[in-house]
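Peer 1: Sequence isn't available, so here's the structure alone:
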């Protein structure tokens, strides 16, 4: 059986169940992915050249995170925390406003802005590795956000740089393997100064859709 190398919860999100149950099941799938899939697994699948794989592996932490758009009806923070704990994410839950996904959704919707919250649930270290899941919760109708989910908008696997100064070499490695920065980013990273980080998405055709890998780095000493 082929190793799953990209994260998806679209069938769960669009399937039956009440909002809390679907959120719980998405996070269970996220936990399984974080625990079982390594960065090497992902790069071995998408990268043909060994030197490009090594460049990325040597530039990022041994930690994976995943993200997905979660449609309404909205859950309260207390409900999300409860379901995150039940799914095996037991530390460091937080909610912040999105910069990057909000910009992407505003471009897709043709609206000046689509305010979007990010609920983050963190996974305690397993075998020396850690990870977290991000749920993007847009202020948009269920019909529109459901269409985004079908297209896997926002769904990604994320890597964290050990040193922002290595980004140029990592970018070169991804682009040499056929990955592109999506148009809404105008070909360059997007900084979220409020949260002290810089985000870049790299995309490549994967099956019938598109695989998205996020590379982020923190400004200063903070690590995610």
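Peer 2: Happy to help now that I have it. These numbers were taken from a predicted model, which means no experiment stands behind them.

Peer 1: What residues does the residue most central in space within the chain make contact with?
Peer 2: Compute the mean C-alpha point of the chain, and by C-alpha atoms, centre = their mean the closest residue is residue 67, 3.1 Å away. Under the criterion of C-beta atoms under 8 Å, 6 or more residues apart in numbering, the contact partners of residue 67 comprise 101, 133-136, 154-156, 158, 214. To be clear about C-beta, it is placed using only N, CA and C from the backbone, and glycine gets the same treatment.

Peer 1: pLDDT score for it?
Peer 2: At residue 67 the predicted local distance difference test score is 97.

Peer 1: about what we covered before: ok, so of the contacts of residue 67, who is nearest residue 45?
Peer 2: For these, the residue nearest residue 45 by C-beta to C-beta is residue 156; the value is 15.2 Å.

Peer 1: Mind jotting down where the helices sit in the chain?
Peer 2: Listed in chain order, the helices found in the chain under DSSP state H are 10-13, 19-36, 39-46, 50-57, 77-86, 100-109, 142-150, 167-176.

Peer 1: Including mean neighbour count and distance to residue 190, could the ones you listed go into a markdown table?
Peer 2: Conversion of those to a markdown table gives the following (neighbours: other C-beta atoms under 10 Å; distance: least, C-beta to C-beta, whole Å):
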| stretch | mean neighbour count | distance to residue 190 |
| --- | --- | --- |
| helix 10-13 | 18 | 24 |
| helix 19-36 | 19 | 23 |
| helix 39-46 | 17 | 22 |
| helix 50-57 | 16 | 20 |
| helix 77-86 | 17 | 25 |
| helix 100-109 | 20 | 5 |
| helix 142-150 | 16 | 19 |
| helix 167-176 | 16 | 13 |
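
Peer 1: In JSON lines, list those along with distance to residue 205 and mean pLDDT.
Peer 2: Below are those laid out as JSON lines (distance: least, C-beta to C-beta, whole Å; pLDDT from 0 to 100):
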{"stretch": "helix 10-13", "distance to residue 205": "17", "mean pLDDT": "92"}
{"stretch": "helix 19-36", "distance to residue 205": "20", "mean pLDDT": "94"}
{"stretch": "helix 39-46", "distance to residue 205": "10", "mean pLDDT": "96"}
{"stretch": "helix 50-57", "distance to residue 205": "17", "mean pLDDT": "97"}
{"stretch": "helix 77-86", "distance to residue 205": "32", "mean pLDDT": "94"}
{"stretch": "helix 100-109", "distance to residue 205": "18", "mean pLDDT": "94"}
{"stretch": "helix 142-150", "distance to residue 205": "17", "mean pLDDT": "88"}
{"stretch": "helix 167-176", "distance to residue 205": "14", "mean pLDDT": "97"}
